[in-house]
Every structure is written in C-alpha cells, then in structure tokens.
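# Compute the structure for the input listed below.
(2 chains)
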Amino acid sequence: DSGVTQTPKHLITATGQRVTLRCSPRSGDLSVYWYQQSLDQGLQFLIQYYNGEERAKGNILERFSAQQFPDLHSELNLSSLELGDSALYFCASSVSTSGTYNEQFFGPGTRLTVL
Amino acid sequence: ELKVEQNPLFLSMQEGKNYTIYCNYSTTSDRLYWYRQDPGKSLESLFVLLSNGAVKQEGRLMASLDTKARLSTLHITAAVHDLSATYFCAVDFNFLSGNTPLVFGKGTRLSVIA
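Residues are numbered from 1 along each chain as shown, chains lettered A, B, ... in the order given. Okay, here's the model as predicted:
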C-alpha cells in the first residue's frame, strides 16, 4: 500500500458524459500527478499540481481538467467522454523537495470504461 | 527533447535464465527509478538510483546506473515465474527544482515461462 488513495476503483459511463476522479496523496506529499494508461498508448503523463498550483502539463486533452484543493487532494474531471478515453487513470504523489529525489508513489488507479 | 527508451519492450525468458533490461535516456540526469506493474495493478517502486555507479539489489533483481553513458540496467538472475510483470524506468531530468514530473519509458513486458 503506497498511501495514495483513489476513488472510485471502477467507473462505467456513456459517451458524452462527464466524470470526476479523486485522489488523496500520501501524508506530507505536496505534488500530485495524473497519468492515463491504455493498451495502445502506454503510460501518459497528463498533469501535475504542486501545493495547489498547476506545475506541469503533459498530453492532457482540452476536455480534461484537474485541480488540487487546499487539503492537497486532487480531482481529475473528464468531460464529453469518448470511447477512446477508456483507460486506467493513475494518480501519484511525491514530496517534491528541491535538490533531493523525487520518488513518485502511485495509487491503485481508477478503471474508466466508456460505452 | 527529454526521452527515455527501454529495450526490449517484450521479453519472454525461461525460468532459471539471466537477462538484462536496458534503459537509455537523452540528457544528463543522476536520478533514475525503476517500477514494477502487474497486469491491471498499480506501479510499485522497486529501486531509486541517485548517483553515477549506484547499484541496488533486491532478491533476483539488480539495478545499476551509469550517468556518463546515460544508461541504467535491470538485471534478472535465475528468473522465476513471479517476476513476470511490466518494468518501467523513469528519469528525473529536473531534480534540482524538486517538483517536476518523471519521464517514463514505455515499459518492458517480461514473461517468465517454465
């Protein structure tokens, strides 16, 4: 158990819908990262938040957005869902102290199925 | 461009044999991580390599880092079925700032067969 929690574990929805995935980082970790993993695309970095602010953006679609709240938990919002959005979505967290190492700890993931 | 390349991407090996997975990266870093992922599961941290020449061992797995060659290896000794999984390496190219994402390789899917 990494200490990172994600809810829900599974989500089944229809095309065109909107869903919210939630992540709580390990105690003390300031950074939260979101990743998408599908069979054909591998592990894709989506977005990073550090202490409430967006820090880095990866291959995140405009239909997707995220935020990190004052208690450091994060939510990933996916809207106008398409079949191709079906994937495992992981959240990871790290302490993110400058000059040291930046090991990321991964949550169990949310499996999203769009029908 | 910051790139991390793993090879092979697929590896089928017999129980009891040895093999090495390679992880090359595009520019200077001395912070490299290895993760393991079982099918449908999360990524589990295996090794953290923090300097040139670093070597870490856990059971039948040994990881090393050569920052001059920009290369890390994950060596498997006398493979057993339980090692079947996907192995990812990830590089921290901006560790001095402390808060940037890692760049992951595509992963090596290892299958150990009897």
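
# OK, contacts around the spatially most central residue of chain A?
The central residue of chain A, meaning the one whose C-alpha is nearest the mean C-alpha position (Cα atoms, centre = their mean), is residue A:34 at 2.8 Å. When the contact criterion is Cβ atoms under 8 Å, 6 or more residues apart in numbering or on different chains, the partners of residue A:34 are A:23, A:45-48, A:60, A:66, A:74, A:76, A:89-91. (Glycine included, C-beta is placed from N, CA and C.)

# If you drop the residues flanking it in sequence, what lies closest to it?
Nearest residue to residue A:34 in three dimensions, chain neighbours excluded: residue A:46, at 4.2 Å (Cβ to Cβ, 6 or more residues apart in numbering or on different chains).

# and that neighbour, what pLDDT?
What the model reports as pLDDT for residue A:46 is 95.

# tell me which parts of chain A are close to chain B?
Where proximity means Cβ under 8 Å from any Cβ of the partner chain, the interface of chain A facing chain B comprises A:2, A:30-31, A:33, A:42-43, A:45, A:48, A:50, A:55-56, A:58, A:88, A:90, A:92, A:94, A:96-109, A:111.

# Among those residues, the buried ones, what's the ChimeraX command?
With 16 or more other Cβ atoms under 10 Å in any protein chain shown as the criterion, this ChimeraX line picks the buried residues out of the residues of chain A next to chain B:
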select /A:2,30,31,33,42,43,45,48,50,55,56,88,90,92,94,96,101,102,103,104,105,106,107,108,109,111
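
# So which of the residues of chain A next to chain B are in helices?
Secondary structure assignment by DSSP state H places none of those in helices.

# in chain B, which spans are helices?
Remark: helices of chain B are absent; assignment by DSSP H.

# can you map out the strands along it?
Counting by DSSP state E, chain B has strands at residues B:4-7, B:10-14, B:19-25, B:32-37, B:43-49, B:55-58, B:61-66, B:71-76, B:85-91, B:103-104, B:108-113.

# rank the ones you listed by pLDDT, which is bottom?
Of all those, strand B:103-104 carries the lowest average pLDDT, namely a mean of 90.

# rewinding a little: between the strands of chain B, which one is closest to chain A.
For the strands of chain B, proximity to chain A was assessed by Cβ to the nearest Cβ; strand B:43-49 is nearest, at 4.3 Å.

# that older thread, could you dump the strands of chain B into JSON lines with mean neighbour count added?
Formatted as JSON lines, these follow (neighbours: other Cβ atoms under 10 Å in any protein chain shown):
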{"stretch": "strand B:4-7", "mean neighbour count": "17"}
{"stretch": "strand B:10-14", "mean neighbour count": "13"}
{"stretch": "strand B:19-25", "mean neighbour count": "19"}
{"stretch": "strand B:32-37", "mean neighbour count": "24"}
{"stretch": "strand B:43-49", "mean neighbour count": "20"}
{"stretch": "strand B:55-58", "mean neighbour count": "12"}
{"stretch": "strand B:61-66", "mean neighbour count": "19"}
{"stretch": "strand B:71-76", "mean neighbour count": "20"}
{"stretch": "strand B:85-91", "mean neighbour count": "24"}
{"stretch": "strand B:103-104", "mean neighbour count": "20"}
{"stretch": "strand B:108-113", "mean neighbour count": "17"}
